[in-house]
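Chemist: Give me coordinates for this.
(one chain, ligands or ions: 1)
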Amino acid sequence: MHIKNLYEILKNEPKYREKQIKTAIFQKLIEDWSEATTLPLVLREKLKKEFDLSIRAKTFFSNDKKTAKALIRLNDGLAIEAVLMRHEDNRNTVCVSSQVGCPLKCAFCATGQMGFKRNLDAMEIVEQVLFFARYLKKTQKKITNVVFMGMGEPFLNIDNVFEAIKILNDKEGFNLGMRHFSISTIGIIEGINELAGWGPKINLAVSLHAPNDKIRAEIIPIAQKYPMEEIIKALKNYIKKTNRRVMIEYIMMKGINDSLDCAAELAEAMKKIPLFFVNLIAYNQTGAFRASESLQIKKFREVLEKKGISITQRYKFGQDIDAACGQLAVKSR
Ligand code: SAH
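Modeler: Just a heads-up that it's a prediction; the model follows:
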């Protein structure tokens, strides 16, 4: 599905075709153009050739059925993963990938370890959402949230990420409100600044994972380019422009960033951010690091709470199918 091919076809069609086509793809969620019976046969055949709706994917379900992972095969043979999380409160969140692999090489992350292949184009991002939207439709359910927390760094592929959001936000199409998107970044400052201007209603999450630059640089190579102080400055500007609460992500890794001194230092650093909450993430052991003990997480949390920091803890989705945070990496060709 190359969006340019679709725009090309629409150029030679009457104006109302665009709406019919968007309705078919994004609301009726058809999987083949033969289902689009409102369109003339010649057009359907042209669309089938130049804007094929099929998505090649293998799906895996967790034992508790709350998580589904799709291994999606792209046209050039490369593969990416996307995850559907079904929350108790009826939210259905898709975690999408923005790149094939990732160039950041964070020491704790499975995607980082597989290296970088290429950026996804906008429709390759949209397809991940469409795939699960079609699946949920069978039980009359809908996607309610899209988070850019799969493979890759969204702000290193910002144009395609924004284009994908624009397509999914389109009122005549999928019509998912801007507040229902979240972008998670390692702290690419240019991206934070751009988001503040372009998508002020989109949620922002920052993978901090350390209370200072020294520890941060040990586990996140790109931290050398983006010091915490600069990131916090960008966040202040973002909050001033958007008035939105930023999520500070913090993976708990044993002996790395989970001491009570780290907690106190983190609380101190957070004081500079006007509107935020800390999301403590249990580490999924994919590399050389170990997850923090639950007692240590509890104590760490207590230090932060005593200092008035608001905290949430992330539910672990889909560990048994390698679909949990940071576990996305394509093993098979
Ligand atoms: N590049 C973006 C998106 C990455 S994935 C970013 O860095 O934010 C989303 C989150 O999962 C990030 O916070 C990432 O640091 C975290 N993560 C990576 N590996 C993990 C692991 N093994 N266990 C738990 N969380 C992990």
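
Chemist: Ramachandran coordinates for the residue nearest to Ile222 when sequence neighbours are not counted?
Modeler: Excluding its sequence neighbours, the residue lying closest to Ile222 (CB to CB, 6 or more residues apart in numbering) is Leu104, at 5.5 Å. All C-beta spots, glycine's among them, are computed from the backbone N, C-alpha and C. Here is the backbone geometry of Leu104 (degrees, to the nearest 10): phi -80, psi -30.

Chemist: And the pLDDT for Leu104?
Modeler: Here the pLDDT value assigned to Leu104 is 97.

Chemist: For the protein, which residue gets nearest to the ligand?
Modeler: Using CB to the nearest ligand atom, the closest approach of the chain to the ligand is made by Gly326 at 1.8 Å.

Chemist: Now that residue: which helix or strand?
Modeler: Using DSSP states H and E, Gly326 sits within no helix or strand.

Chemist: List the contacts of the spatially closest residue to it that is not a sequence neighbour.
Modeler: Excluding the flanking residues, the one nearest Gly326 by CB to CB, 6+ apart is Cys109, at 4.8 Å. The contact partners of Cys109, taken as CB atoms under 8 Å, 6 or more residues apart in numbering, are 102, 286-287, 326.

Chemist: thought Asp170 was touching Ile25?
Modeler: No: in this structure Asp170 lies outside contact range of Ile25 using CB atoms under 8 Å: 10.5 Å.

Chemist: since we're on Asp76, how many residues are nearby?
Modeler: If you count neighbours by other CB atoms under 10 Å, Asp76 ends up with 8.

Chemist: how about the residue nearest to Ile222, what does it touch?
Modeler: 112, 153, 156, 186, 220-222.

Chemist: now it: how far from Ala110?
Modeler: Here the criterion is CB to CB, to the nearest Å. By it, Leu104 lies 12 Å from Ala110.

Chemist: Residues in contact with the lowest-mean-pLDDT helix or strand in the chain: which ones?
Modeler: Here the helix or strand of the chain ranked lowest by mean pLDDT, DSSP states H and E is helix 110-114, holding a mean of 90. Under the criterion CB under 8 Å, 6+ apart, residues 101-102, 104-106, 151-152, 286-287, 326-330 lie in contact with helix 110-114.

Chemist: what's the lowest-pLDDT member of the residues you listed?
Modeler: In terms of pLDDT, Gly326 ranks lowest among those, with 74.

Chemist: residue contacts, that one?
Modeler: 108-111, 251, 283-284, 286.

Chemist: By neighbour count, which of the contacts of Cys109 wins?
Modeler: Neighbour max across the contacts of Cys109 (other CB under 10 Å) = Cys102, 26 neighbours.

Chemist: right, and that one touches Phe116 too?
Modeler: Yes: counting by CB under 8 Å, Cys102 sits close enough to Phe116 to count as a contact (5.9 Å).

Chemist: From Phe289, how far off is the residue nearest to Gly326?
Modeler: For Cys109, the distance to Phe289 (CB to CB) stands at 10 Å.

Chemist: How about Ile239?
Modeler: For Ile239, the distance to Phe289 - CB to CB - is 31 Å.

Chemist: residue ranges of the strands in the stretch 51-200 of the chain, please?
Modeler: 57-61, 67-73, 79-86, 92-95, 99-101, 116-119, 145-148, 181-185 (DSSP state E, counting those that start in this stretch).

Chemist: got a list of contacts for the last one?
Modeler: The list of residues contacting strand 181-185 from outside it, by CB under 8 Å, 6+ apart, reads 145-149, 153-155, 161, 165, 168-169, 191-192, 195, 199, 202-207, 247, 249.

Chemist: now do 6 Å
Modeler: Surrounding strand 181-185, the residues in contact under the criterion CB atoms under 6 Å, 6 or more residues apart in numbering are 146-149, 154-155, 165, 191, 202-206.

Chemist: for the longest one, same thing?
Modeler: Under the contact criterion CB under 6 Å, 6+ apart, strand 79-86 has outside partners 66-73, 92-97, 100, 128, 132, 150-151, 317, 323, 328, 330.

Chemist: For that strand, which strands pair with it and how are they oriented?
Modeler: Strand 79-86 sits in its sheet next to strand 67-73 (antiparallel), strand 92-95 (antiparallel), going by DSSP bridges.

Chemist: How far does it sit from its chain's centre?
Modeler: 10 Å (CA atoms, centre = their mean, to the nearest Å).

Chemist: Show me where the chain dips below the pLDDT cut-off.
Modeler: Within the chain, the stretches with pLDDT under 70 are 332-333.

Chemist: Tell me the residues of the stretch 151-300 of the chain that contact the ligand?
Modeler: 153, 184-186, 207, 249, 251, 281, 283-284, 286 (CB under 6 Å from any ligand atom).

Chemist: From the residues you listed, keep the buried residues only.
Modeler: Buried residues within those, counting neighbours by 16 or more other CB atoms under 10 Å: 153, 184-186, 207, 249, 251, 281, 283-284, 286.

Chemist: ok, so of those residues, who is nearest Gln313?
Modeler: Within those, the smallest distance to Gln313 is 7.9 Å, found for Ile281 (CB to CB).

Chemist: Dig out what that closest one forms beta bridges with.
Modeler: Ile251.
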